[in-house]
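Trainee: Need coordinates for the following:
(one chain, ligands or ions: 1)
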Amino acid sequence: MRITLYTHPMCPFAQKAAIALNYAFPDYTSQTVNLYSSSGPFPKSKLREVESNYGLTPKGYIPVLLHEVEGSDPVCLQESDDILDYIVSLDESLKPSNLANHNTVRRAVKALPTNTNKPDSLLTTLDGVCSTSAFLGGDSFSTTDCIALPFLQRIKETHSLEGFDRLNEYYSKVEGEEYYKKSCSSEWWWWW
Ligand SMILES: N[C@@H](CCC(=O)N[C@@H](CS)C(=O)NCC(=O)O)C(=O)O
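Mentor: Numbering: from 1, shown residues only. Predicted coordinates for the structure are as follows:
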């Protein structure tokens, strides 16, 4: 079987999928898409070709995941949350055990204002979640952590997690893990 993630190292949405794949399927193939230039080895037009070859309406947005298994129909997916749900269907160990916390984290990340100076509401929510379990989605690492970590990386590097002690402790525990470290790029986009 082969898993290909069409991605860009600076995109937080693609990073969500990269963390889950690094954790569960570290041998996956990563294809960087040249989003903002028509030259380069893999321009957006090629991503659109992949999307339409596999029956999707071409959007030209990353991440896109392609899962090919000999003897089965290939699966091609857009949207980082749908990709995470699909990865859980392949590896149940990434399934969040605390669904209430999972939904809380997902909503709080989605509600992050485009004004990046005001991440406090997210940090307060995540700090509260960290007081109920060792990881954001329960007692083990799950896709809930994959949803929040790219944004926490950006907030930590531009603000700080000071004053959010339980969250800080959680972040210190996860930041050394290979599956997370490998997903981090020193330059990144804020976008959401
Ligand atoms: N809702 C999408 C958002 C993905 C997204 O915004 N990706 C950006 C890069 S960070 C993109 O591909 N942009 C293409 C463009 O701006 O043309 C998801 O969660 O997967």
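Trainee: Show me where the chain has its strands.
Mentor: Applying DSSP state E to the chain gives strands spanning 2-7, 29-32, 64-68, 75-78.
Trainee: Tabulate the CA atom coordinates of whichever helix in the chain runs longest in CSV.
Mentor: Using DSSP state H, we find that the single longest helix of the chain is helix 143-158. The C-alpha coordinates for helix 143-158 follow below in CSV (Å, rounded to 0.1, in the frame of the first residue of the first chain):
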residue,chain,number,x,y,z
THR,A,143,-6.1,13.2,16.2
THR,A,144,-7.3,15.8,18.7
ASP,A,145,-3.6,16.6,19.3
CYS,A,146,-3.0,16.7,15.6
ILE,A,147,-5.7,19.4,15.2
ALA,A,148,-4.3,21.7,17.8
LEU,A,149,-0.5,21.3,17.6
PRO,A,150,0.2,23.3,14.4
PHE,A,151,-1.6,26.3,15.9
LEU,A,152,0.1,25.8,19.2
GLN,A,153,3.5,25.8,17.5
ARG,A,154,2.7,29.1,15.8
ILE,A,155,1.3,30.7,19.0
LYS,A,156,4.2,29.5,21.1
GLU,A,157,6.7,31.0,18.7
THR,A,158,5.0,34.4,18.4
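Trainee: Tell me the buried residues in that helix?
Mentor: Within helix 143-158, the residues that count as buried by 16 or more other C-beta atoms under 10 Å are 143-156. C-beta coordinates here come from the backbone N, C-alpha and C atoms, glycine included.
Trainee: Would you mind measuring from the spatially most distant residue from the centre of the chain to Y54?
Mentor: Each residue of the chain has a distance to the centre, and by C-alpha atoms, centre = their mean the biggest one is for G71: 28.8 Å. Distance, G71 to Y54, by C-beta to C-beta, to the nearest Å: 17 Å.
Trainee: Contacts only, for the residue farthest from the centre of the chain.
Mentor: Contacts for G71 were tallied using C-beta atoms under 8 Å, 6 or more residues apart in numbering; there are none.
Trainee: Any stretches of the protein with poor pLDDT?
Mentor: For the chain, the stretches flagged by pLDDT under 70 are 114-117, 191-192.
Trainee: Can you name the residues of it that neighbour the ligand?
Mentor: Residues of the chain lying near the ligand by C-beta under 6 Å from any ligand atom: C11, F13, L35, G60, Y61, I62, P63, E79, S80, W189, W191.
Trainee: if we go to 8 Å?
Mentor: 8, 10-14, 16, 33, 35-36, 44, 59-63, 78-81, 83, 189, 191-192 (C-beta under 8 Å from any ligand atom).
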